[in-house]
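Asker: here are the coordinates; sequence isn't available:
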């Protein structure tokens, strides 16, 4: 903290990370009150936010031109929702502003080893599974999926703690240090509403391995070209995983077994029964493979891993099974905000399936997903919702989809009521939107919670 005590520090954004940074700065008694930069005008802050900011005595730069005044501070903590390559940030940096972030500060000051997990999807599930397996080794889960923000715990950490950190592209983009164990899951494309291109999005993730030394480990999904490219960076020891083919060093799926061969860590090959992992969908076997490799590299024993895998409960909104209603099953996969994950979700079911697709437009392409749906024999209906409904309908028509197509509804309640008219006992209703939620909901959690409420009200829709 000595570097910050005498300096004027700004915090960019008042989300979860921004609030955690402000509390950390106030707790450590910086000479100057932090300056909050946020694009929202004061009247757009919730009452509790206004009270908290007022009690803290923060200086504020608010409104649409908030980035034009970064010269007021010497150090800026950027929150992930603010684009790192914004021209105003780059210009201020060129003029002498030091740009950092919660994740960057945490990496620079954390006393224990960090296991970092990134990928287009699967980060939360994989990071949570790693922390679950390493629970007896003082593992702490943080990042987007953790209930604890990193700076809330930094002061209390010791070298004995293992930190499991879920890392998005926005968090990795300005990082100049890699985790001791870097896990690279499936990397396709996402966040093109913020990142300027697919290349920028993928480049933003490179820090997960780029700065690793020879004593570090890189765990890489070998089924995705972009993941391979990121995994090849740095000097860490490289272990690959695949559910499609055998790998030379790492883990692969045979039937329902995960075969692990990493002689530098485990003397003899070991096997884990993936059918015991309570996660629906074979795509989750990739996440399990990554978690097993990471835990072995972190020092966990194969026997302990085998015992703990079956007791993992999974996470909300990730192919989460909801209570059945009159023989109809419901699955909440609201976390699915890209077509690839929706495609994987669709492939996870053999029952008659109605899938709800659509939402906020991030520039995704739906051709591949539409082709999969058109070729999946158990698809009963598709409900297209939200801003991307026209694009999804167009893609389905081009793919030759010939089953029921529901659309034109103003909200999820209307959509579910229409689905109820065609649903029968034994059917599955799946919310796997392939899109972000921001057209109808503030986040994917609220969308998933609404789906759950409507499923529980099924008889009265």
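Answerer: All right, it came through fine. Bear in mind that the values here come from a model prediction, so they are computed numbers and not experimental data. Residues are numbered from 1 along each chain as shown.
Asker: What does the nearest residue to residue 243 once chain neighbours are set aside show for phi and psi?
Answerer: Closest residue to residue 243 apart from its sequence neighbours, by Cβ to Cβ, 6 or more residues apart in numbering: residue 253 at 4.1 Å. Any C-beta I mention is one placed from the backbone N, CA and C, and that applies to glycine too. Phi and psi for residue 253, reported as degrees, to the nearest 10, are phi -100, psi 130.
Asker: Relative to residue 71, how far out is residue 253?
Answerer: 54 Å (Cβ to Cβ, to the nearest Å).
Asker: more neighbours, the two?
Answerer: Neighbours per residue, other Cβ atoms under 10 Å: of residue 253 and residue 71, the larger number sits with residue 253, 20 against 12.
Asker: which residues touch that one?
Answerer: 242, 243, 244, 259, 274, 285, 289 (Cβ atoms under 8 Å, 6 or more residues apart in numbering).
Asker: how many neighbours does the first one have?
Answerer: By the measure other Cβ under 10 Å, the count of residues near residue 242 is 18.
Asker: Can you tell me who it pairs with across the strands?
Answerer: residue 252 (DSSP bridges).
Asker: Pretty sure residue 220 is one of the things it touches, is it not?
Answerer: No - at 9.6 Å, residue 242 does not count as touching residue 220 under the criterion of Cβ atoms under 8 Å.
Asker: what is in contact with the two at once?
Answerer: residue 250.
Asker: how much space between residue 356 and residue 390?
Answerer: 16 Å.
Asker: So between those two, which is more surrounded?
Answerer: It is residue 356, of residue 356 and residue 390, that has more neighbours when counted by other Cβ under 10 Å, with 27 against 12.
Asker: Double-check that that one belongs to a strand.
Answerer: Yes - the assignment for residue 356 is a strand, going by DSSP: H, G, I helix; E, B strand; the rest coil.
Asker: Quick check, it in contact with residue 431.
Answerer: Yes - using Cβ under 8 Å, residue 356 is in contact with residue 431, at 4.7 Å.
Asker: joint contacts of those two?
Answerer: Here residue 356 and residue 431 have residue 451 as joint contacts, going by Cβ under 8 Å, 6+ apart.
Asker: how far does the helix or strand of the chain with the lowest mean pLDDT sit from the chain's center?
Answerer: Within the chain, no helix or strand scores below helix 198-204, which has a mean of 76 by mean pLDDT, DSSP states H and E. With Cα atoms, centre = their mean, to the nearest Å as the basis, helix 198-204 stands 16 Å off its chain's centre.
Asker: Check stretch 33-53 too.
Answerer: That offset, for stretch 33-53, works out to 26 Å (Cα atoms, centre = their mean).
Asker: For it, the averaged confidence score.
Answerer: Stretch 33-53 carries an average pLDDT of 96.
Asker: Touching that stretch from outside, list them.
Answerer: So stretch 33-53 is contacted by 8-14, 18-19, 21-22, 25-26, 56-64, 66-67, 69-70, 72-73, 76 (Cβ under 8 Å, 6+ apart).
Asker: Sort out which of those residues are buried, if you could.
Answerer: Neighbour-count burial (16 or more other Cβ atoms under 10 Å) applied to these gives 8-14, 18-19, 21-22, 25, 58, 61-62, 66-67, 69-70, 73, 76.
Asker: In helices, which of those residues appear?
Answerer: Using DSSP state H, the subset of the buried ones among the contacts of stretch 33-53 located in helices is 18, 19, 21, 22, 25.
Asker: Quick check, the last one in contact with residue 9.
Answerer: Yes - counting by Cβ under 8 Å, residue 9 is a contact partner of residue 25 at 6.0 Å.
Asker: Let me see the contact set for the closest residue to residue 283 other than its chain neighbours.
Answerer: Leaving aside its chain neighbours, residue 283 sits nearest to residue 344 (3.8 Å; criterion: Cβ to Cβ, 6+ apart). Listed by Cβ under 8 Å, 6+ apart, the contact set of residue 344 reads 281, 282, 283.
Asker: I figured the last one hits residue 346, correct?
Answerer: It refers to residue 283. No - Residue 283 is beyond contact range of residue 346, at 10.6 Å (criterion: Cβ under 8 Å).
Asker: So which of these two has more stuff around it?
Answerer: residue 346 (24 against 21).
Asker: And the residue nearest the centre of this protein?
Answerer: Nearest to the mean C-alpha position of the chain, by Cα atoms, centre = their mean, lies residue 123 at 4.8 Å.
Asker: For residue 167, see how far away that residue is.
Answerer: Here the criterion is Cβ to Cβ. By it, residue 123 lies 7 Å from residue 167.
Asker: Find residues that contact each of those two.
Answerer: 117, 143.
Asker: Sort out for me which of the contacts of stretch 33-53 are in strands.
Answerer: 9, 10, 11, 12, 59, 60, 61, 62, 76 (DSSP state E).
Asker: tally of neighbours for the closest residue to residue 279 other than its chain neighbours?
Answerer: Nearest residue to residue 279 in three dimensions, chain neighbours excluded: residue 314, at 5.6 Å (Cβ to Cβ, 6+ apart). When neighbours are defined as other Cβ under 10 Å, residue 314 has 18 of them.
Asker: Kindly report the same for residue 369.
Answerer: With other Cβ under 10 Å as criterion, residue 369 counts 26.
Asker: Shouldn't it be within a helix?
Answerer: Yes - under three-state DSSP, residue 369 falls within a helix.
Asker: The residue nearest to it when sequence neighbours are not counted: neighbour count?
Answerer: In space, and not counting its chain neighbours, residue 369 is closest to residue 339: 4.0 Å by Cβ to Cβ, 6+ apart. If you count neighbours by other Cβ under 10 Å, residue 339 ends up with 25.
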